[in-house]
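Visitor: prediction below, plus the sequence it came from.
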Amino acid sequence: MTPNELTGLILAGGQGRRMGGVDKGLVAFHGRPLVAHVRERLAGRVAEVLINANRSQAEYAVLGDRVIEDAEGGFQGPLMGIYSGLRAAATPWLVVVPCDTPALPEELVARLVAGLGDADIAVACDGERLHPVVALTRTALADDLAAALAGGERKIDRWYARHAWRRVDFSDCPAAFANLNTEDEKQRLEASLVSPDP
């Protein structure tokens, strides 16, 4: 699978409630917006980087190739963001990542592709738990997801379970999937990623 067959999607469409309602993807982390760190894991590995955002579109526009809003309003959660990305992508495959995981592995895309096999969806697993918003998904599933959303489905893992999916083992780097929901979590991760003085 080549980069031309892949679109990247950064989910930044939430309300950031646990961080005081701020637009989480734009929160500074080591001096740059969180979403900029995440974008680096996708850039050069996919044909296009989409950012799913429901506010601050002008700020996000300089950080991605295209900004897309949820196909339906009302902050309906990450499954709606994934659907919006599947619909907007011009490639057969979509790599989904959240905006608040700045320590994602450098080889994330390659490992998801390698772990897909003949399945339609590959989901990252840190050895203990799945990370359903870190996944590779066939974009042809957009219509199926539209039907699931119309039926009231909002749980990502339940939708994945309707399809052929694979767990991709990232147990060698479990800390890479730390996501930042509070200011305290952000400060702890920032401190842990500071390089020691030479």
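Guide: Now that the structure is in, tell me what you want to look at.

Visitor: for residue 174, give me the pLDDT.
Guide: At residue 174, the pLDDT value in this model is 80.

Visitor: for the one 5 residues further on, same thing?
Guide: At residue 179, the model reports a pLDDT of 71.

Visitor: wait, doesn't it sit right on residue 100?
Guide: Yes - using C-beta atoms under 8 Å, residue 179 is in contact with residue 100, at 4.7 Å. (Glycine included, C-beta is placed from N, CA and C.)

Visitor: higher neighbour count, these two?
Guide: residue 100 (27 against 18; other C-beta atoms under 10 Å).

Visitor: would you map the helices across this structure?
Guide: 34-40, 57-61, 78-88, 108-116, 142-150, 156-160, 183-192 (DSSP state H).

Visitor: mind naming the longest strand for this protein?
Guide: strand 130-138 (DSSP state E).

Visitor: dump it to CSV, restricted to CA.
Guide: Extracted in CSV, the C-alpha atoms of strand 130-138 (Å, rounded to 0.1, in the frame of the first residue of the first chain):
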residue,chain,number,x,y,z
LEU,A,130,-7.4,-1.1,22.1
HIS,A,131,-7.2,2.4,20.8
PRO,A,132,-10.2,2.6,18.5
VAL,A,133,-9.4,6.2,17.4
VAL,A,134,-6.0,5.0,16.1
ALA,A,135,-7.0,2.9,13.1
LEU,A,136,-6.7,2.2,9.4
THR,A,137,-10.1,1.9,7.7
ARG,A,138,-11.4,1.1,4.2
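
Visitor: what is the mean pLDDT for it?
Guide: Strand 130-138 comes out at a mean pLDDT of 96.

Visitor: before we move on, the earlier item: among the helices of the chain, which is nearest residue 48?
Guide: helix 78-88 (9.3 Å; C-beta to C-beta).

Visitor: name the helices or strands packed onto the closest one?
Guide: strand 6-11, strand 48-52, strand 66-68, strand 93-98, strand 130-138, helix 142-150, helix 156-160 (3 or more C-beta pairs under 8 Å, 6 or more residues apart in numbering; DSSP states H and E).

Visitor: cool, thanks, talk later.
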